[in-house]
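>>> Build the 3D model from these lines:
(chains A and B)
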Number of protein chains: 2
Amino acid sequence: MRLRKLKFPLKLNNQRPFDGIFCTLQAILAIIVIIIQTCIIIYLVDERNYEINESMKTSNNSSVQYINNKNNSNRTIIVITPTYLRFARLADMTRLSQTLMHINQLIWIVVEDAEQLSLPVKQLLDRTGLQYYYLAVKHRTGMPVRGWTGRDAGLNFVRKKFASMGSKAVVYFADDDNTYDIRLFNQYIRNVEKIGVWAVGLVAFNVVEAPKIRNKKVIGWQTIYAPRRKWGFDMAGFAVNLELLLRHPQAGWRRRCREHSPEPCLMNLLNVSLNDLTPFGVDSWPREILVWHTKTSNIHIRSRNTYGYNAEVSLQISYLILIH
Amino acid sequence: MRLRKLKFPLKLNNQRPFDGIFCTLQAILAIIVIIIQTCIIIYLVDERNYEINESMKTSNNSSVQYINNKNNSNRTIIVITPTYLRFARLADMTRLSQTLMHINQLIWIVVEDAEQLSLPVKQLLDRTGLQYYYLAVKHRTGMPVRGWTGRDAGLNFVRKKFASMGSKAVVYFADDDNTYDIRLFNQYIRNVEKIGVWAVGLVAFNVVEAPKIRNKKVIGWQTIYAPRRKWGFDMAGFAVNLELLLRHPQAGWRRRCREHSPEPCLMNLLNVSLNDLTPFGVDSWPREILVWHTKTSNIHIRSRNTYGYNAEVSLQISYLILIH
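All right, here's what the predicted structure looks like:
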């Protein structure tokens, strides 16, 4: 009772009781707004900035890869590859790297889904002689597929690092287990002036998924998987000129489009229409498939003994302990 | 009764009845022996001679591939690849061909398990610029795995065609879906003087299967799959100098060793011991895996529509009709 007597006169000094309640409500409301705003800020900061845990670039900047390509435009191809630790990873990365080694004037952005880089992958990249950047970015929780973070981080890295290239570079997203015919790079990707699209083999239950063409323009997609989608292509089936990506710095993979597939997520943010697409490889006959959405079989491993061989298994064991 | 009277005096002229029975038995025995011998001859003819249904070689014999390798012995690498029609075949062959395109002084023997060659594969081989021979040999019934016939046919073709190379060539059996680090060819295979062995990744439930070494000699195999086998390696884990193969023209994959795995089948016929093996890649640290026994995932195809794209599907449909 003493406390009450002491407290109320202090608080309601020169005020009516009603004012006191109003004041408390105001304070509660303000705190709620602040909390909400703080959440929004945290969300936005998280959404806009990557924690690139570790980043690695080749020492050899004046690389032989910068020889101009004789038969094509002298655009640079920037390949973004999200990757993650698994038993077949070194094999998949070896195959992909040996494909890219045939292509000149190419920059390879490899984004590791981890808090640190993997030494065997770094050594593999060093051996290629390619100009590469190797980043470690842990995938964001709440994203539908882990590849979204890697691709988005790679894209933002490219925007910062290679802005000066403007229209003289084309960005292509290449997963490490797909199969790429070397003609894809010089005949299709290097010639993309805005957005280029082409057929992809062995994807979504199709032998081939391809753009549907009328009067040399894309009017839809030849596929059995939701053929009426506006952006009915696979990640491997398109490339974007860097200039367009620079003009839309927000475009990428955000949580807010997590209900969609990754392709429309990017396309909607680039604010393009079907009219902006240039189809490649539709005039030749028979038409050629230059990329396949292959996947290396899951391997049943009963012995993790490496007998001293370099197999990323020690990394894998600690990784498995971390996520379980 | 008349017949009997007529027949017996004719048959048993100047002979006792016992002689007649003996004679009949002799005849039956002779017929049985002839039948058995005929079967053996048919079996042996089938065993020794392939029906190479169709054979294709590159027009460009004076190939650039014959440039001597600077850093290594100038031995030629002969790669034998059995292949067969399936949805992922063009993808797998594309990846393998792009790996082999990094290697000079290499001859590629591709053996199609079919009665005729596949045009898309022929076109793929043409694009590589490699010196290749493309043979069509239908796999023999009674063989445990279809690859046996392809490898054996390739081996006999090599013996006939490249006998003059003698010890200046090494034969390696490379399946079309495995993953090969390009260092395997110049650092290991090209230096094989008799039989070379090395580690293979992701095989038989092991992260890696490798030769077990004591005093620089192979004394067994580091594996969890039957580690006491005399020849405990995978097809991808060894190469043989051509000279040894020429000295043992019978060595290959015969029906009589169908109870075994393919590796001991060849080794036993080559009449070699563990002492004849040279291990590669065991002195470096950490040791490196330069070949992985990968497999491309089976693809569930619901639409075979190719929309005019070159995908071997028309071939596949007629093939499926044939085997079902």
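>>> which parts of the stretch 151-300 of chain A sit against chain B?
Counting by CB under 8 Å from any CB of the partner chain, the stretch 151-300 of chain A comes close to chain B at A:179, A:181-182, A:199, A:201-202, A:205-208, A:210, A:222-224, A:285-289, A:292, A:294-300. C-beta here means a position set from N, CA and C on the backbone, and glycine is covered the same way.
>>> what do you get for the stretch 1-150 of chain A?
So the stretch 1-150 of chain A meets chain B at A:87, A:88, A:90, A:91, A:92, A:94, A:95, A:98, A:99, A:101, A:102 (CB under 8 Å from any CB).
>>> from what I can see the first one touches residue A:300, true?
Read it as residue A:87. No: using CB atoms under 8 Å, residue A:87 is not in contact with residue A:300; the gap is 9.5 Å.
>>> More neighbours: which of the two?
residue A:87 (21 against 9; other CB atoms under 10 Å in any protein chain shown).
>>> out of everything not next to it in sequence, what's closest to the more buried one?
residue A:299 (5.0 Å; CB to CB, 6 or more residues apart in numbering or on different chains).
>>> Find out how far the longest helix anywhere in chain A is from the centre of the chain, if you would.
In chain A, with assignment by DSSP state H, the single longest helix is helix A:17-48. Computed by CA atoms, centre = their mean, to the nearest Å, the chain-centroid distance of helix A:17-48 equals 35 Å.
>>> for it, which positions count as buried?
By neighbour count on 16 or more other CB atoms under 10 Å in any protein chain shown, the buried set for helix A:17-48 is empty.
>>> try stretch A:257-269
In stretch A:257-269, counting by 16+ other CB under 10 Å, buried: A:257, A:260, A:261, A:262, A:263, A:264, A:265, A:266, A:267, A:269.
>>> ok and the residue in the stretch 1-150 of chain A nearest chain B?
Proximity to chain B, evaluated over the stretch 1-150 of chain A using CB to the nearest CB, is greatest for residue A:91 at 3.8 Å.
>>> Which strand or helix spans that residue?
helix A:89-100 (DSSP states H and E).
>>> Direction-wise, compare that helix with helix B:89-100 and give the angle.
80 degrees (axes from the mean of the first three to the mean of the last three CA atoms, to 10 degrees).
>>> count of neighbours near residue A:141?
8.
>>> gap between it and residue B:141?
Using CB to CB, to the nearest Å, one gets 55 Å for the distance from residue A:141 to residue B:141.
>>> Tell me which residues touch the residue nearest to residue A:305 when sequence neighbours are not counted, please.
Nearest residue to residue A:305 in three dimensions, chain neighbours excluded: residue B:207, at 6.9 Å (CB to CB, 6+ apart). Residue B:207 makes contact with A:87, A:301, A:303, A:304, A:305, A:306, A:309, A:311, A:313, B:201, according to CB atoms under 8 Å, 6 or more residues apart in numbering or on different chains.
>>> mind checking how far the residue lying closest to the third one once chain neighbours are set aside is from residue B:242?
With CB to CB, 6+ apart as the criterion, residue A:303 has its nearest non-adjacent residue at 4.3 Å, and that residue is residue B:224. Taking CB to CB as the criterion, residue B:224 is separated from residue B:242 by 33 Å.
>>> How about residue A:165?
For residue A:165 relative to residue B:242 (CB to CB), the value is 50 Å.
>>> neighbour-wise, which of those two wins?
residue B:242 (24 against 17).
>>> mind listing what the more buried one touches?
Counting by CB under 8 Å, 6+ apart, residue B:242 has contacts B:78, B:158, B:162, B:165, B:166, B:167, B:168, B:169, B:170, B:171.
>>> hmm, 6 Å instead?
Contacts for residue B:242 (CB atoms under 6 Å, 6 or more residues apart in numbering or on different chains) come out as B:165, B:169, B:171.
>>> now do residue A:157
Applying CB under 6 Å, 6+ apart, no residues contact residue A:157.
>>> Which strand or helix spans it?
Counting by DSSP H and E, residue A:157 is part of helix A:147-161.
>>> Just list what the next helix or strand after that helix packs against, helices and strands only.
Using DSSP H and E, the helix or strand that follows helix A:147-161 towards the C-terminus is strand A:169-173. Secondary-structure packing of strand A:169-173 (3 or more CB pairs under 6 Å, 6 or more residues apart in numbering or on different chains; DSSP states H and E): strand A:76-83, strand A:238-241.
>>> neighbouring contacts of the first one?
The reference is to strand A:76-83. By CB under 6 Å, 6+ apart, the surrounding residues in contact with strand A:76-83 are A:105-112, A:147, A:150-151, A:154, A:158, A:169-174, A:176, A:185, A:189-190.
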